[in-house]
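# Need a 3D model of the sequence below.
(chains A, B and C)
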Amino acid sequence: MARRYWLLKSDPDTFGIEHLKAARDRTTMWDGVRNFQARNYLRDGIAVGDGVLFYHSQWKPPAVVATARVVRTGYPDPTQFDPRSPGHDPRSKREAPRWFVVDVQLDRELKCPVTLPQIRATPELQEMILIRRGRLSVQPVTADEWRIVTRLGGL
DNA sequence: GCCAACGTTGGC
DNA sequence: GCCAACGTTGGC
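Model (predicted):
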């Protein structure tokens, strides 16, 4: 299967590019997603080797800041079983987990972040789910969109 | 911090 | 199966 592309949003106050750079192997488990549509992509859609646009949400302005690569896919989010975790979900059972994660490894930091206003202002990017439908923290990106965004970012 | 968009939940 | 209530997301 051809390599596919995704955009993953994270609030940098919780987990941002600086955290990822500091992580062991520059790799992190992408936990905490609690939206079913996003969950389905994490569980069923994303494959090892797929490309990731790392996006800082809740930032001024929000922006794509780096590319990353998927290094492990589709396993249960351990935080859902942890009563002390903010991600705890009492409805999750070990044998029937509700929430899933992938592992991503930092690839390249963009030379200049590609901001949401910039994306909105780019005619070729009008079909991005980021624009068409907000509030989805895991979303597919086309190969064309990937190429345009990374180019705007100076890669 | 507000609130709009959207999805899930649950009473009936 | 409808739909109002509720929770989450995320731009502003």
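# how would you label A:Ile148: helix, strand or coil?
When classified by DSSP: H, G, I helix; E, B strand; the rest coil, A:Ile148 comes out as helix.
# Pretty sure it sits against A:Glu127.
No. Applying Cβ atoms under 8 Å, one finds A:Ile148 not in contact with A:Glu127, separated by 11.2 Å. Using the backbone N, CA and C atoms, a C-beta is placed for each residue, glycine as well.
# In terms of neighbours, single out the busier of the two.
A:Ile148 (18 against 11; other Cβ atoms under 10 Å).
# show me what contacts A:Val52?
A:5-8, A:67-70, A:104, A:107 (Cβ atoms under 8 Å, 6 or more residues apart in numbering).
# List the ones among these that fall in helices.
Of the positions in these, not one sits in helices, assigned by DSSP state H.
# Format these as CSV; extra columns: pLDDT and neighbour count.
Shown next, in CSV, are these (pLDDT from 0 to 100; neighbours: other Cβ atoms under 10 Å):
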residue, pLDDT, neighbour count
A:Tyr5, 96, 22
A:Trp6, 96, 23
A:Leu7, 96, 22
A:Leu8, 96, 24
A:Thr67, 97, 21
A:Ala68, 97, 25
A:Arg69, 96, 18
A:Val70, 96, 23
A:Val104, 96, 26
A:Asp107, 97, 15
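# ok, and what's touching stretch A:94-102?
The contact list for stretch A:94-102, computed with Cβ under 8 Å, 6+ apart, reads A:29-31, A:33-34, A:39, A:42-43, A:46, A:70, A:72-81, A:87, A:89, A:91-92.
# just stretch A:40-47 next, same as before
Residues from elsewhere that reach stretch A:40-47, judged by Cβ under 8 Å, 6+ apart: A:1, A:4, A:6, A:30, A:33, A:70, A:73-74, A:100-102, A:138-140.
# Narrow these to those that are buried.
Buried subset of the contacts of stretch A:40-47 (neighbour count, 16 or more other Cβ atoms under 10 Å): A:4, A:6, A:30, A:33, A:70, A:73-74, A:100-102, A:138-140.
# Out of the residues you listed, flag the one nearest to DNA strand C.
Checking those against DNA strand C by Cβ to the nearest atom of the strand gives A:Val33 as the nearest, at 6.2 Å.
# avg pLDDT for stretch A:114-126?
The average pLDDT for stretch A:114-126 rounds to 94.
# quick one: is it near DNA strand B?
No. Taking Cβ under 7 Å from any atom of the strand as the criterion, stretch A:114-126 and DNA strand B are apart, separated by no less than 14.3 Å.
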